[in-house]
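A.B. asks: my questions are about this predicted structure, shown below with the sequence.
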Amino acid sequence: GKHAGFGVQLDYFPVVGEALLHTLEQRLSSAGVWTPEVKDAWDRTWKTIVSVMEPALVEARQKAEGATPEERMKRLVQDSWALVEKDLDGNGIKFFMRIFTIAPGALQ
């Protein structure tokens with residue numbers, strides 16, 4: 001959750017992972033210890049870190065929004081309906097005109 005407060009985005013993870021592996025490769029190659037086995041160990045370690053951090057980030061965002069995905073969907077529908085409701089007659093006419101355009105037989 002802490003990283004969510006820093007504005008971390010899900011699409012940052014691949015960038016950070018590439019930068020981490022590149023930095024390690026640069027430093028450890030010069031020390032003569034960057035081998036395929038070391039690279040694989042660090043790659044697996046990064047993937048494990050991401051597998052923990054990504055769900056935690058998503059959960060922290062949901063908590064910050066004060067909503068589960070279902071609650072957020074409900075709020076989006078309610079908020080958008082409030083805009084439609086401001087001109088219920090006009091939007092109702094548009095709604096039925098669209099029905100009659102799609103299915104002219106419904107006009108009967």
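C.D. replies: Good, I have the coordinates. Source: prediction; values computed, not measured.
A.B. asks: listing request: residues of this structure with sub-threshold pLDDT.
C.D. replies: Of all residues in the chain, those with pLDDT under 70 make up the ranges 1-6, 67.
A.B. asks: ranges for the helices of it?
C.D. replies: 2-5, 12-30, 36-65, 69-85, 88-102 (DSSP state H).
A.B. asks: the nearest residue to N91 once chain neighbours are set aside: neighbour count?
C.D. replies: Of all residues not flanking N91 in the chain, V84 sits nearest, at 5.1 Å (CB to CB, 6 or more residues apart in numbering). For glycine as for every other residue, the C-beta is placed from the backbone atoms N, C-alpha and C. Counted with other CB atoms under 10 Å, the neighbours of V84 add up to 13.
A.B. asks: do the same with the one 3 residues further on
C.D. replies: The tally of other residues near D87 (other CB under 10 Å) stands at 11.
A.B. asks: residue contacts, it?
C.D. replies: D87 sits next to no residue when contact means CB atoms under 8 Å, 6 or more residues apart in numbering.
A.B. asks: so how far is W34 from it?
C.D. replies: Distance of D87 to W34, given as CB to CB, to the nearest Å: 65 Å.
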